[in-house]
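# Need a 3D model of the sequence below.
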Amino acid sequence: MDASLTFGREKRVTQSAEFARIKSEGRRLAKGSLLANWIEAVGREGQPLRLGVVTPKSVGSAVMRARARRLIREAFRLNQGKLRQPLTLVLVARRSIVGVGLTELERDFLNLMRAARLLTEE
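A predicted model of the protein is given here:
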């Protein structure tokens, strides 16, 4: 497997304090079935691209939330090479994610990243 397509521990936001910091200090944009909060780590060139995923109870049952998390992580994993780095990104699932497939979610993800000007191809 291509190392650039992995999504290991070092690429995850896990601490609640870090989620709160990104929400309060970072930028925010909602589009489609996702909401993004992010902080660009200017001057930290060696730091990896990192992702945190939030699925609120408004999305549905535990099974629905787990599926939404898996889809979001997969959309990120497949497209992380297109994102500017270094970046710490928190994606929040919106209620409209229910019933969405990977292709549609990936389109929402790329549209959101394009609107936020976080893609390298700009």
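# only C-alpha atoms for contact and neighbour calcs from this point on.
Noted.
# Can you give me the pLDDT of Ala41?
Listed pLDDT for Ala41 reads 74.
# for it, what are its contacts?
Shown in contact with Ala41 (CA atoms under 8 Å, 6 or more residues apart in numbering): 47, 85-88.
# filter these to the buried ones?
Neighbour counting with 16 or more other CA atoms under 10 Å marks 85-88 as buried within the contacts of Ala41.
# Which one of those is nearest to Thr120?
Lowest distance from Thr120 to these (CA to CA) belongs to Gln85, with 8.7 Å.
# I'd say that closest one and Ile39 touch.
No - applying CA atoms under 8 Å as the test, Gln85 and Ile39 come out as separate, 10.4 Å apart.
# before we move on, the earlier item: which ones among the contacts of Ala41 map onto strands?
Taking DSSP state E as the definition of strands, these contribute 87-88.
# from the contacts of Ala41, which is closest to Ser61?
Compare each of those with Ser61 using CA to CA and the shortest gap goes to Thr88, at 27.5 Å.
# nearest residue to the closest one other than its sequence neighbours?
Nearest non-adjacent residue to Thr88, counting by CA to CA, 6 or more residues apart in numbering: Arg50, 4.7 Å away.
# Show the pLDDT at that neighbour.
pLDDT, Arg50: 90.
# next one: Ala68
At Ala68, pLDDT is 97.
# same thing with Gln47?
Looking at Gln47, its pLDDT reads 72.
# Now it: closest residue in space that isn't a chain neighbour?
Spatial nearest neighbour of Gln47, excluding adjacent residues (CA to CA, 6+ apart): Pro86 at 5.8 Å.
# before we move on, the earlier item: list the contacts for the residue nearest to Thr88?
Applying CA under 8 Å, 6+ apart, we find Arg50 in contact with 10-13, 87-89.
# I appreciate the help and will end here.
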